[in-house]
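Visitor: just the structure for this:
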Amino acid sequence: MSANPTQDHVGLTDTFASRRYFRKFEGITTHLLRVAANMEAEGVISRDEVRIVSRYISGLLFTFRALSMKYLLVGRDTGRFFGSLNMDKRDSGFPVAAELMTMANDAQQAASHLANMPSEAALKDEMVQTILGSREIPTKLQFALSQRLYYEELARGQLFWVRNDPECHWIATEGARRRFLLHWAVYDSQINLPVIYLMRLEDTGKQALPKDSRRWPEVQAHLMAQSLAGLKLLTIAKGFDEDFDDLHPKHLRRIHVGPMYSSAFTEQSGPLRAVLEDAQAPAGQDWALAWTSEELESEEVREERAGWFGTVEREVFALDPFGGQGAETGATRTSRSIILPQRPFQVLAERNPAGFADVRKFVVSDSGQVLRY
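Guide: Numbering: from 1, shown residues only. Okay, the predicted model is just below:
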C-alpha cells in the first residue's frame, strides 16, 4: 500500500471509461450472487448466511447503480462542475470510501431534491423539444435527468453504506439459551473494500438480546467500533466475549469482497496483472475479483471466576494448526477464492503462478454458468 493512499486514487473523467467501469461492476456483482449460491450448494456457507451475504451484494449492486447515475455525464459540458468518480486504482479497484460517505449525505436529502426537480416525463419531453426545435443536444437536461435518477435510487434505499449496523436474527432456543445470528458490514476506508461480518452466538441473558434496550445498543456500538480489517478475528471475538458475560460468540466469519483487478482500470502489482494483460480479453471480461473468507470457531468453554461467588463462561477459540499460522492469522481457517471470466482463467491455468494452488477458482460466463476449479 502506498505511504500516501490518496496518490493511488484516480478520477474517472472520461464519459465512456466511467460507463464501462460501472457496467463492469454491475456484471461482477451479478456474478457474485451466483457464486454465493454455488458456495451454498457446496456446503461452504450455510443457507442463512448466503441469504445475508446476497443481501449485502445486492446492496453493492444498488450502490454502483446509483453512482453510475450520478456520474452518467462525467466529462460532458453540463454547465455545472460536479466532479468525477474517485476510485482506488492501486489497492482495491473499488470507489474510495469518501464516495459512499457523500452518497449517504445525499440520501438524507433525496426527498427534498426530488420534490424540487421536474418529473422524469417532463424532462424527457423538454429534451425532445430541444432536439427538434433548437436542433441541439440537450446536455443540461440530460444532466438534470441523471441527477433525478440518482436521487431516485437513493430514495429506494437498501444500498451498501460505509456503515451497515448490526442486525440480529433468532435461530433457536434451547432451555435458557437463545441462539442468534448477527450480521453487519462496513466499507473499510483504509482499504476501500466492502467487508461483511457474521457472528453466531448464544445468549444467556434474562431478556432476548434484540429486545434488551441496554445490551443491544452496546453490542451494536461495540461491534462497529471493532470492524477494522486490520484487527484479527481472535482479537474481535475475545474482546466481545470478555465485554459481555452473558453473550457467547461461537462462530465469527469475515468476508472481504475484493480487490478487483482490471487491466483497463487498475495498477495492482502481482501475477494477476500479468494474467489479465496476457489474456487480452474483450471489454467486460478483463477482470478478476478476489474473495477471502476468514472463520473463527469456539472449540470449548471454560469457567472463570467473576466477583466473590460467581462464575462466567469464556470461549476458547480454535486456531489453524497447520504451519503454525493460526496464531499469526487469528483465525481457525482462511479460504481464498478468485472469480473471473473464462479467458483470464485460461491464461491463469497456463501460467500457473506460485501461490494460487490453494485458491478456489470460480469461472463465470454471461449466460449465468459458474464452474469451480
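
Visitor: show me the domain layout of this protein.
Guide: Recorded structural domains for the chain (assignment: automatic domain parsing) are 5-156, 163-372.

Visitor: want to throw the ones you listed into JSON lines with mean pLDDT?
Guide: Shown next, in JSON lines, are the domains of the chain (pLDDT from 0 to 100):
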{"stretch": "domain 5-156", "mean pLDDT": "87"}
{"stretch": "domain 163-372", "mean pLDDT": "90"}
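
Visitor: grab the nearest non-local neighbour of L73.
Guide: F143 (4.9 Å; C-beta to C-beta, 6 or more residues apart in numbering). Backbone N, C-alpha and C define where each C-beta goes, glycine included.

Visitor: now the residue sitting nearest the centre point of the chain: closest residue in space, sequence neighbours ignored.
Guide: The centre of the chain sits closest to P194, judged by C-alpha atoms, centre = their mean, with a distance of 2.9 Å. Distance criterion C-beta to C-beta, 6+ apart; nearest residue to P194, sequence neighbours excluded, is V257 at 4.6 Å.

Visitor: got the CA positions of the helix or strand that neighbour falls within in CSV?
Guide: Using DSSP states H and E, V257 maps to strand 247-262. Below are the C-alpha coordinates for strand 247-262, written out as CSV (Å, rounded to 0.1, in the frame of the first residue of the first chain):
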residue,chain,number,x,y,z
LEU,A,247,-23.2,-13.4,25.3
HIS,A,248,-21.1,-16.2,24.0
PRO,A,249,-19.6,-16.0,20.4
LYS,A,250,-19.4,-19.4,18.9
HIS,A,251,-18.5,-18.6,15.3
LEU,A,252,-17.3,-15.5,13.6
ARG,A,253,-16.9,-15.1,9.8
ARG,A,254,-15.4,-12.1,7.9
ILE,A,255,-15.7,-11.8,4.2
HIS,A,256,-13.5,-9.4,2.2
VAL,A,257,-15.1,-8.7,-1.2
GLY,A,258,-12.2,-7.7,-3.5
PRO,A,259,-9.8,-6.4,-4.6
MET,A,260,-11.0,-6.1,-8.2
TYR,A,261,-8.3,-6.4,-10.8
SER,A,262,-8.7,-5.0,-14.3
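
Visitor: that one packs against which elements?
Guide: helix 15-42, helix 47-70, strand 193-203, helix 233-243, helix 271-279, strand 287-306, strand 310-318 (3 or more C-beta pairs under 8 Å, 6 or more residues apart in numbering; DSSP states H and E).

Visitor: switch the cut-off to 7 Å
Guide: strand 193-203, helix 233-243, helix 271-279, strand 287-306, strand 310-318 (3 or more C-beta pairs under 7 Å, 6 or more residues apart in numbering; DSSP states H and E).

Visitor: which ones are touching the residue sitting furthest away from the middle of the chain?
Guide: Centroid-distance maximum for the chain: G133 at 46.4 Å, with C-alpha atoms, centre = their mean. If you count contacts by C-beta atoms under 7 Å, 6 or more residues apart in numbering, G133 has none.

Visitor: distance of it from S119?
Guide: To S119, G133 is 20 Å away according to C-beta to C-beta, to the nearest Å.

Visitor: Q142: neighbour count?
Guide: Q142 has 18 neighbours, counted by other C-beta atoms under 10 Å.

Visitor: backbone dihedrals for the closest residue to it other than its chain neighbours, please?
Guide: Excluding its sequence neighbours, the residue lying closest to Q142 (C-beta to C-beta, 6+ apart) is L73, at 5.9 Å. Main-chain dihedrals, L73, degrees, to the nearest 10: phi -110, psi 20.

Visitor: distance of the residue nearest to L73 from A107?
Guide: 20 Å.

Visitor: for A225, same thing?
Guide: Separation of A225 from A107 (C-beta to C-beta): 23 Å.

Visitor: do W161 as well
Guide: 8 Å.

Visitor: just to revisit the earlier point, more crowded one of A225 and A107?
Guide: Shown here are A225 and A107; by other C-beta under 10 Å, A107 has more neighbours (18 against 9).

Visitor: check the offset of the helix or strand where the more buried one lies from the chain's centre.
Guide: Taking DSSP H and E as the criterion, A107 maps to helix 97-108. Centroid separation between helix 97-108 and its chain, computed with C-alpha atoms, centre = their mean, to the nearest Å, is 15 Å.

Visitor: Three-state assignment for the residue farthest from the centre of the chain, please.
Guide: Classification of G133 using DSSP: H, G, I helix; E, B strand; the rest coil returns helix.

Visitor: how near is it to K124?
Guide: 15 Å.

Visitor: quick revisit: what about the residue nearest to P194, how many neighbours?
Guide: 26.

Visitor: now Y71
Guide: Y71: 25 neighbours (other C-beta under 10 Å).

Visitor: name the nearest residue to it, sequence neighbours excluded.
Guide: L85 (4.9 Å).

Visitor: kindly report the same for L272.
Guide: If the residues on either side of it in the chain are set aside, L272 comes closest to Y261, at 4.7 Å by C-beta to C-beta, 6+ apart.

Visitor: wait, that neighbour touches G270, no?
Guide: No: using C-beta atoms under 7 Å, Y261 is not in contact with G270; the gap is 8.4 Å.

Visitor: compare these two (neighbour count), which wins?
Guide: Y261 (24 against 11).

Visitor: could you measure from that one over to A283?
Guide: Taken as C-beta to C-beta, the span from Y261 to A283 is 15 Å.

Visitor: quick one: end-to-end length of stretch 328-348, please.
Guide: 29 Å (C-alpha to C-alpha, to the nearest Å).

Visitor: buried residues in it?
Guide: 329-334, 337-341, 343-348 (16 or more other C-beta atoms under 10 Å).
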